[in-house]
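In: no FASTA, just this:
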């Protein structure tokens, strides 16, 4: 039962559920037009599931990732899932500027909290298994009352200068403080899986160790499972084998960590403690039902806010109308194709290829004259001339009249949502932006049971490097580097076992 002030206290789940979406307050589109945007499901039974370690009087704090938005999102998802798996109250970081989301500082909001992007208040209100509070609420409740102590000296420590409101402030001294009073275990997701036993019984922890020892006698490689996934309800040793991804350690939520009042997740590139990993690639659950619940939890509840989905819905409707008007007899549904072409500050030079090469590698999958939506950070649109000469190319810029009051720092999220609705999709390898588009496509394919849904594959390609072109057409388990793409284990057959929780 929720007892403490949390961010969802003002939400009435009886009046509005996160699974519902209405765009009346945002200028449309209609519910009918929004149906295709909805990849999530409404599973009331899931909202009551709690971790066997549930203890809302214990807390998890975390430092956001320092990279671009989709890296920040990945780490946040992983942290929220860790909070639920540990049964801890999640403490959100203060509002702050984020890398590449600082446009229009004098005209619009640029200090963001995660609730600005996701309905974390609704999540808190709907789920009995997780509490979410703000940093100032946490500091008032725990730090200013003398409950937080230096982990080495046991001396009571209050926040720097007794400050509880850190919104819009420099956060370095706050992170130093939380690293001092919190239990910090520098898990490196490249080396280990965060493993959670089926219960708090120490015998279950030993089971995990025994499984790992057995697997390492003949260590598998990810390629062993290419096109050959285990069933999602396979024995835990088989699921662990498939998700190992060439790692040889388990990071276990052991008794010492369970006892800590505060666990803090720090970001330290030198120590490689950055959570630049998909939640499903890092966390392993002995209980397959908890594993699938976690994947549904992220799909159904950690989604962009209605304002963004409605804006994207208006744009998708407009793109479809344009595509239909160009060929109403052959394209009555207004199908369009989509690309994400990352240019900007991207560090992976192999993917920075001329538009002529992109045209050449993709032309067999598109029809001449087709409407093509390109999500991109390339401002010089003449770069795309080879594509524009052959197709009816459109960009987010062409639909600004549909989103007149939208914070421009949300435009990247809109680009991804629109591009995810393409008949086919061509993405940029190594880009977590393209990866997230493919995840949303995977959710949609599974929901609609379209071609490839049984093994999690889809009509998506990568234009460079050439050897990665067909990656999304074969089942692959998670493998390093994890951020380069998303993997079907995230969306494949995750609705199994709902009534068995």
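Out: Perfect, thanks for sending it. A quick note: this is a predicted structure, and the numbers were derived from the prediction, not measured. Numbering: from 1, shown residues only.
In: sec struct for the residue nearest to residue 20 when sequence neighbours are not counted, please.
Out: In space, and not counting its chain neighbours, residue 20 is closest to residue 42: 7.6 Å by CB to CB, 6 or more residues apart in numbering. No exception for glycine: its C-beta is placed from N, CA and C like everyone else's. Recorded secondary structure, residue 42: coil (DSSP: H, G, I helix; E, B strand; the rest coil).
In: so who does residue 42 touch?
Out: Contacts for residue 42 (CB atoms under 8 Å, 6 or more residues apart in numbering) come out as 17, 19-20, 300.
In: would you mind giving the residues you listed as TSV with secondary structure and neighbour count added?
Out: TSV is the format used below for these (DSSP: H, G, I helix; E, B strand; the rest coil; neighbours: other CB atoms under 10 Å):
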residue	secondary structure	neighbour count
17	coil	16
19	coil	17
20	coil	12
300	helix	21
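In: taking these together, which two end up most distant?
Out: 20 and 300 (11.6 Å; CB to CB).
In: state the distance from residue 316 to residue 404.
Out: 17 Å (CB to CB, to the nearest Å).
In: more neighbours: which of those two?
Out: residue 316 (26 against 7; other CB atoms under 10 Å).
In: contacts only, for residue 30.
Out: residue 23.
In: go with 6 Å
Out: Listed by CB atoms under 6 Å, 6 or more residues apart in numbering, residue 30 has no contact partners.
In: please report how far it lies from residue 410.
Out: 22 Å.
In: cool, residue 466 as well?
Out: 34 Å.
In: thinking again about what came up before, closest one to residue 68 out of the contacts of residue 42, please.
Out: For those, the nearest to residue 68 is residue 300 (25.3 Å; CB to CB).
In: residue 44 is in contact with the closest one, correct?
Out: No - at 10.6 Å, residue 300 and residue 44 do not qualify as touching, with contact defined as CB atoms under 6 Å.
In: anything in contact with each of these two?
Out: By CB under 6 Å, 6+ apart, no residue touches both residue 300 and residue 44.
In: burial check on the residue nearest to residue 139 when sequence neighbours are not counted, number of neighbours?
Out: In this structure, residue 139 finds its nearest non-sequential neighbour in residue 164, 4.1 Å apart by CB to CB, 6+ apart. By other CB under 10 Å, the residues close to residue 164 number 17.
In: just checking, residue 164 touches residue 136?
Out: Yes - using CB under 6 Å, residue 164 is in contact with residue 136, at 4.7 Å.
In: before we move on, back to that, with neighbour numbers in mind, choose between residue 466 and residue 410.
Out: residue 410 (22 against 12).
In: please name the nearest non-neighbouring residue to that one.
Out: Residue 410's closest residue in space is residue 308 (CB to CB, 6+ apart), at 5.7 Å.
In: now that neighbour: which helix or strand?
Out: helix 306-326 (DSSP states H and E).
In: that older thread, overlap in contacts, residue 164 and residue 136.
Out: In contact with both residue 164 and residue 136: no residue, using CB under 6 Å, 6+ apart.
In: if we can go back for a sec, roughly how far apart are the residue nearest to residue 139 and residue 138?
Out: From residue 164 to residue 138 the distance is 9 Å (CB to CB).
In: can you list the weak-confidence ranges in this structure?
Out: Residues of the chain meeting the criterion pLDDT under 70: 1-4, 13-16, 345-347.
In: count the neighbours of the nearest residue to residue 108 once chain neighbours are set aside for me.
Out: Nearest residue to residue 108 in three dimensions, chain neighbours excluded: residue 407, at 5.0 Å (CB to CB, 6+ apart). Residue 407 has 18 neighbouring residues, counting by other CB under 10 Å.
In: against residue 70, how distant is residue 407?
Out: From residue 407 to residue 70 the distance is 17 Å (CB to CB).
In: so residue 77 sits against residue 279, correct?
Out: Yes - Residue 77 lies in contact with residue 279 (CB under 6 Å); the separation is 4.9 Å.
In: okay, the two: which has more neighbours?
Out: residue 279 (24 against 20).
In: shouldn't that one be in contact with residue 78?
Out: Yes - counting by CB under 6 Å, residue 279 touches residue 78, with 4.3 Å between them.
In: which parts of the chain are strands?
Out: 59-62, 89-92, 132-134, 192-196, 249-252, 262-265, 283-285, 337-341, 371-376, 392-394, 425-427, 460-462 (DSSP state E).
In: I'd like the distance from the first one to the chain centre, please.
Out: Same thing as strand 59-62. 18 Å (CA atoms, centre = their mean, to the nearest Å).
In: equivalent analysis for the second one, please.
Out: Between the centre of strand 89-92 and the centre of its chain there are 17 Å (CA atoms, centre = their mean).
In: please name every helix or strand in contact with that strand.
Out: strand 59-62, strand 132-134 (3 or more CB pairs under 6 Å, 6 or more residues apart in numbering; DSSP states H and E).
In: need the contact partners of the longest one.
Out: Counting by CB under 6 Å, 6+ apart, the neighbours of strand 59-62 from elsewhere in the structure are 79, 83, 88-91, 178, 262-265.
In: and of those residues, the nearest to residue 236?
Out: Among these, and counting by CB to CB, the member closest to residue 236 is residue 83, at 22.5 Å.
In: how close does the closest one sit to residue 68?
Out: 23 Å.
In: neighbour count for these two, which is higher?
Out: residue 83 (25 against 19).
In: which residues touch the more buried one?
Out: Residue 83 touches 60, 90, counting by CB under 6 Å, 6+ apart.
In: can you mark which positions in stretch 63-71 are buried?
Out: Of the residues in stretch 63-71, 63-65, 67-71 count as buried by neighbour count, 16 or more other CB atoms under 10 Å.
In: same check, this time on stretch 224-242
Out: For stretch 224-242, using 16+ other CB under 10 Å, the buried residues are 225, 229-230, 232, 236-237, 239-242.
In: again with stretch 204-223
Out: Buried residues in stretch 204-223 (16+ other CB under 10 Å): 204-205, 207-208, 211-212, 215, 220, 222.
In: excluding chain neighbours, what is closest to residue 135?
Out: residue 94 (4.9 Å).
In: please report how far the one you found lies from residue 278.
Out: Residue 94 is 26 Å from residue 278, by CB to CB.
In: neighbour count for the two, which is higher?
Out: residue 278 (25 against 20).
In: what separation do you get for the more buried one and residue 187?
Out: In terms of CB to CB, residue 278 sits 15 Å off from residue 187.
In: residue 373 too?
Out: 39 Å.
In: those two: which is more packed in?
Out: residue 373 (27 against 18).
In: which ones are touching that one?
Out: 319, 336, 338, 394, 418.
In: would you confirm that the first one contacts residue 337?
Out: Pointing back at residue 319 there. No - using CB under 6 Å, residue 319 makes no contact with residue 337, being 10.3 Å away.
In: please name the nearest non-neighbouring residue to residue 422.
Out: Here the residue nearest residue 422, using CB to CB, 6+ apart, is residue 338, at 2.9 Å.
In: that neighbour: neighbour count?
Out: 25.
In: which residues touch it?
Out: Contacts of residue 338 by CB under 6 Å, 6+ apart are 373, 419, 422, 425.
In: how about 7 Å then?
Out: 372-373, 375, 419, 422, 425 (CB atoms under 7 Å, 6 or more residues apart in numbering).
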